[in-house]
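Peer 1: here is my input; please provide its structure:
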Amino acid sequence: MLPITPAALASLSGAVGRPYRAEWSNDGGRTWTACGVLAGSAQITASRTSQTRYSGQATLTGVSDGAAGINAISTNIRLWQGLQLPRNDPVWFPAGRYTVGRPRTSRTGIEVELAGIEDEIRDAGLPTARTIGPGAARDIVEGLVGEALPGVPVAWRPGVKPDTLVPQVLAEDTRWAVLSTGTDSSGTATGIVDALAAEIFADARGIITVAPVPTLADPVVWRIGRGAGGVLIEPQVEQSSDGLANVWAVTGDAGSGDSVIGPAYAWDDDPSSLTYAGPDPIEDPLAPERLGLWHVRLRVQRYTSAVITSLAQAYTVAQAKLADSLGVQYSLSLTAACNPALEPGDVIEVETRPGAWEKHLIDSLSYTLGAASMSLTTRTTARRL
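Peer 2: Residues are numbered from 1 along each chain as shown. Below is the predicted model:
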């Protein structure tokens, strides 16, 4: 969650002003110029499961189009959501930095489609295949980002090891494929950040961020409750098995003839979980039958990366992928008071029934600038009922 004061957090369920503003830049963010936003037109979506974390649309006012104004080549837009507490100046929260798509002039302003600046890295394809590395992950990642987005910083959040040695890999297509979750022609993963058990995205400030894969073990940042003073409107429960995996096997294989690393295994070992994989599905796959665990079902996924160079690294990646593939079948769609400090991947507590609280991880959120409410989609680890 973005930094927010206790007073601002406590004000969300009350009568608080919600100003908003926008800025545009045609010089890569070195200078920013304020412009207006048509009321109700700026809609923001932030999702962990999308290639581009922040996206949206807006109608901008007080600005022209073309080379000296809003255009689809060089323009970046920054949006801001504020909270206006009584007798205080507004507290401002970034709501994304975007590249502009399909600007259209209308009688009310310039309508724009907005996509996070990851798209600018993705569009900056490699003119020819080239060899990258060996070297520290930090140097390679920051170099590739700097080639596509000069002057945009890279932030490394705690829990990621940026000095991990990355072996030599062949970059065949795009910089983003090497940075994130790309594969080579044999199907072996070459994504650097993926092999660090992490994810890469542009955050709400427009900073390219490398962060650990979030889990329900992370600290709770906000409690969404019912009743007087609560901020929860109504949750809707949904179950799905899409994307579920309760066993992961992760291998490091550069395809160079060197020794293969692993595989390293991770599985759901919580007997109270609906996705429990048994005491040891690798060495003792018949244990569920022997012990009468008739409900156990295996959903196995394999992952091979050319960037994994040690068994410890393979195990860390397996644990991260397990955490990211459990619980997707028990999710909430809910409407709550708009908290502009929330980010995808935050862990919250939700009062799903009166007096019953559950920890959930935010997969996506959406809101309109200036609105009092927001929509959230969350998930939690499946429970046996």
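Peer 1: direction included, what does the helix or strand that contains residue 155 pair against?
Peer 2: Applying DSSP states H and E as the criterion places residue 155 in strand 154-156. Sheet pairing for strand 154-156, assigned by DSSP bridges, gives strand 208-212 (parallel).
Peer 1: so how far is the strand it pairs with off the chain centroid?
Peer 2: Here the centre of strand 208-212 is set off from its chain's centre by 9 Å, with C-alpha atoms, centre = their mean, to the nearest Å.
Peer 1: the helix or strand immediately after that strand in the chain pairs with which strands?
Peer 2: Following strand 208-212 in sequence order, the next helix or strand is strand 220-224 (DSSP H and E). Take DSSP bridges as the rule and strand 220-224 pairs in its sheet with strand 347-353 (parallel).
Peer 1: now the residue lying closest to residue 319 once chain neighbours are set aside. Its backbone dihedrals?
Peer 2: Among residues not flanking residue 319 along the chain, residue 266 sits closest, at 4.8 Å (C-beta to C-beta, 6 or more residues apart in numbering). In this view, the C-beta of every residue, glycine as well, is placed from N, C-alpha and C. The phi/psi pair for residue 266 (degrees, to the nearest 10) reads phi -140, psi 140.
Peer 1: any idea what residue 266 is bridged to?
Peer 2: Applying DSSP bridges, one finds that residue 266 bridges with residue 248.
Peer 1: was I right to think it contacts residue 325?
Peer 2: No. Under the criterion of C-beta atoms under 8 Å, residue 266 is not in contact with residue 325, lying 10.1 Å apart.
Peer 1: mutual contacts of the two, please.
Peer 2: residue 248 (C-beta atoms under 8 Å, 6 or more residues apart in numbering).
Peer 1: between the two, tell me which one has more neighbours.
Peer 2: Between residue 266 and residue 325, residue 266 has the larger neighbour count (other C-beta atoms under 10 Å), namely 22 against 18.
Peer 1: what is the three-state secondary structure of residue 119?
Peer 2: helix (DSSP: H, G, I helix; E, B strand; the rest coil).
Peer 1: my guess is it meets residue 54, correct?
Peer 2: No. With contact defined as C-beta under 8 Å, residue 119 does not reach residue 54; the gap is 10.3 Å.
Peer 1: and stretch 128-142, which residues are buried?
Peer 2: Neighbour-count burial for stretch 128-142 flags 132, 133, 137, 138, 140, 141, 142 (criterion: 16 or more other C-beta atoms under 10 Å).
Peer 1: now these as TSV including pLDDT, distance to residue 66 and secondary structure?
Peer 2: Shown next, in TSV, are those (pLDDT from 0 to 100; distance: C-beta to C-beta, whole Å; DSSP: H, G, I helix; E, B strand; the rest coil):
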residue	pLDDT	distance to residue 66	secondary structure
132	87	38	strand
133	81	42	coil
137	94	41	helix
138	95	39	helix
140	94	38	helix
141	95	35	helix
142	95	34	helix
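Peer 1: between those, which is nearest residue 367?
Peer 2: Of all the buried residues of stretch 128-142, residue 141 has the smallest distance to residue 367: 30.6 Å, by C-beta to C-beta.
Peer 1: separation between the closest one and residue 263?
Peer 2: Residue 141 sits 26 Å away from residue 263, going by C-beta to C-beta, to the nearest Å.
Peer 1: equivalent analysis for residue 376, please.
Peer 2: Applying C-beta to C-beta to residue 376 and residue 263 gives a distance of 36 Å.
Peer 1: name the residue in those two with the higher neighbour count.
Peer 2: Shown here are residue 376 and residue 263; by other C-beta under 10 Å, residue 376 has more neighbours (25 against 19).
Peer 1: next one: residue 185, what pLDDT does it get?
Peer 2: Looking at residue 185, its pLDDT reads 62.
Peer 1: apart from its chain neighbours, what residue comes closest to residue 33?
Peer 2: residue 24 (5.7 Å).
Peer 1: coming back round to it: list the contacts for the residue nearest to residue 319?
Peer 2: 247, 248, 250, 315, 318, 319, 321, 322.
Peer 1: just the ones of the residues you listed in helices?
Peer 2: 315, 318, 319, 321, 322 (DSSP state H).
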